[in-house]
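>>> Could you look at this predicted model? Sequence included:
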Amino acid sequence: MGTVVLLLALNLLNYIDRYILAGEVLPIQHEFHASDQQMGALGTAFFFVYMFAAPAMGWLGDRFRRKPLIITGAILWSLATLAALWIHSYTTLYLRQALVGIGEATFGIFAPAVLSDFYPERERNRVLSVFYVAIPVGAALGYLAGGQIGSHWGWRMPFLVCALPGFLVAALYGWIGREPVRGASDHVEANLKRDTVLGIIRNPAFLTATFGLATLTFAMGGISWWVPEFLRRFAGMSMSTASLTVGATTVVDGIVATLVGGWIAHIWLRRNHRALYLLSAWSVALTLPCGVMLFFGPHKWAVPSLFAAEFFLFLNTGPLNAAIVNSVSAPVRATAISINLFCIHFFGDTFSPQIIGAISDRSNLSIGLGATLVFLVVSLTILFTGARHAPVLEEG
């Protein structure tokens, strides 16, 4: 249990560090005289390095102990976060964003693989739902740190405050963290034809879960990067109020919806082995009308629409990630997760913040964010298709 708690803490810090900048776009944009497209490019820099580091990390994770690799990743991203204190040009900030991607790619691949070895297939949905609660909570704290601390003590201070805990938790994990035997909890027999990279990329259960998540990630990445600034521009909020609103909405929706989604999927999975895919698809479908109202509806409906949209989006966090790890066997799980991370970021949020920024420069941010709705339609279509290929899980 101590290992799981520490991995959850590291995942929380992972997402805090990732979203600090999104909570304080305005002062950074003013200091470096950057356009919306340039600010979106900072997100692209992070994910570009993140996705290209992922395949190398996956290869390492299937061949070497994962614990020291996780510690190394946590230290790397904490150092890169701390480096923001000495940044005084847009180019240097761009490079810092890229370096954070290396450390976070390391952790993002190995932690789910380690957790999967602690729990059998039917229990992974629940533990991953808890693990991925760190996404909304970390994002919310990142928004709040950027918007609140940045408003009072300058945009660099939040990076200092959020970097230091990373070193502490990494040290604790090195001291008391355990690494289970690979495949220790697997009950579904390995399909040897899929225990290769070629087997992974021919695996329809893996591919549909991956590309359903990729198109969803395009929308979520772009929205999460720009929504505080959207509320500032279109709902008349200050930077601190917008970051507080998005942070509070994200943390409440994220905790409640992620746990509720995991609970519904766990019950549904007893009757239907396709539940992980079906719940994910329906959660995206329910998000669509809320997104339309958020981006194009009356300003007074912006916050309620954001609350509803985020709730439905977070329902699939645990189930969809569980579908991915359950679709492959233990010998290639880290490699499969690395391929998944490459795909979801290359086809997802690596370019979406910059694309939305470019559309915004030529029209407005509302239209830019509206483009994400197309990708939600594609995502739910892929996920409904993927349900036909869901593996049948045996009792542990």
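Structure's in. What do you need?

>>> Report the buried residues of the helix or strand bottoming out on mean pLDDT in the chain.
Within the chain, no helix or strand scores below helix 121-131, which has a mean of 73 by mean pLDDT, DSSP states H and E. Neighbour-count burial for helix 121-131 flags 121, 122, 124, 125, 126, 127, 128, 129, 130, 131 (criterion: 16 or more other C-beta atoms under 10 Å). For every residue, glycine as well, the C-beta is placed using N, CA and C.

>>> do stretch 268-279 as well
Applying 16+ other C-beta under 10 Å to stretch 268-279 flags 268, 269, 273, 274, 275, 276, 277, 278, 279 as buried.

>>> and what of stretch 380-396?
Here stretch 380-396 shows 380, 382, 383, 384, 385, 386, 387, 389, 390, 391, 393 as buried, counting by 16+ other C-beta under 10 Å.

>>> For the buried residues of helix 121-131, give me JSON lines that also has distance to residue 246.
Listed next are those as JSON lines, based on distance: C-beta to C-beta, whole Å:
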{"residue": "121", "distance to residue 246": "35"}
{"residue": "122", "distance to residue 246": "35"}
{"residue": "124", "distance to residue 246": "30"}
{"residue": "125", "distance to residue 246": "27"}
{"residue": "126", "distance to residue 246": "28"}
{"residue": "127", "distance to residue 246": "27"}
{"residue": "128", "distance to residue 246": "24"}
{"residue": "129", "distance to residue 246": "22"}
{"residue": "130", "distance to residue 246": "23"}
{"residue": "131", "distance to residue 246": "22"}
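
>>> Nearest to residue 286, out of those residues: which one, please.
residue 129 (17.9 Å; C-beta to C-beta).

>>> give me every residue that touches the closest one.
The contact partners of residue 129, by C-beta atoms under 8 Å, 6 or more residues apart in numbering, come to 258, 259, 261, 262, 263, 265, 317, 318, 319, 322.

>>> what about burial for the residues you listed, which qualify?
Among these, those classed as buried by 16+ other C-beta under 10 Å are 258, 259, 261, 262, 265, 317, 318, 319, 322.

>>> The stretch 101-250 of the chain: helices as residue ranges?
Secondary structure of the stretch 101-250 of the chain (DSSP state H, counting those that start in this stretch): helices at 121-131, 134-144, 150-153, 157-176, 197-201, 204-234, 239-271.

>>> out of these, nearest to residue 57?
Checking these against residue 57 by C-beta to C-beta gives helix 197-201 as the closest, at 14.3 Å.

>>> and the closest one, C-alpha only, in CSV?
C-alpha atoms of helix 197-201 as CSV (Å, rounded to 0.1, in the frame of the first residue of the first chain):
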residue,chain,number,x,y,z
VAL,A,197,5.9,-4.9,-31.0
LEU,A,198,4.4,-6.2,-34.2
GLY,A,199,1.8,-8.1,-32.2
ILE,A,200,0.9,-4.9,-30.2
ILE,A,201,0.3,-2.9,-33.4
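
>>> other SSEs contacting it?
Packing partners of helix 197-201 (3 or more C-beta pairs under 8 Å, 6 or more residues apart in numbering; DSSP states H and E): helix 333-344.

>>> model confidence over the helix it packs on, on average?
Mean pLDDT, computed over helix 333-344, is 82.

>>> ditto for stretch 365-381
Stretch 365-381 comes out with an average pLDDT of 93.

>>> again with stretch 2-12
Averaged across stretch 2-12, pLDDT comes to 84.

>>> Also stretch 24-32?
Across stretch 24-32, pLDDT averages out at 87.

>>> Other residues contacting that stretch?
With C-beta under 8 Å, 6+ apart as the criterion, stretch 24-32 contacts 21, 34, 38-39, 89-90, 93, 146-147, 150-151, 154-155, 158, 228-229, 232, 239, 243.

>>> Buried only: go through the residues you listed for me.
Buried among the contacts of stretch 24-32 (16+ other C-beta under 10 Å): 21, 34, 38-39, 90, 93, 146-147, 150-151, 155, 158, 228-229, 232, 239, 243.

>>> hang on, the earlier thing: report the two of the buried residues of stretch 268-279 separated the most.
Based on C-beta to C-beta, the longest span within the buried residues of stretch 268-279 runs between 273 and 279 and measures 12.4 Å.

>>> Torsion angles phi and psi at the nearest residue to residue 124 once chain neighbours are set aside?
Here the nearest residue to residue 124 in space, its sequence neighbours aside, is residue 322; by C-beta to C-beta, 6 or more residues apart in numbering that works out to 4.8 Å. Torsion angles at residue 322 (phi, psi; degrees, to the nearest 10) stand at phi -70, psi -40.

>>> got it, and residue 88?
Per degrees, to the nearest 10, the backbone of residue 88 is at phi -140, psi 20.

>>> mind starting the numbering at 53 from now?
Let's use 53 as the start, then, which means that last one is residue 140.
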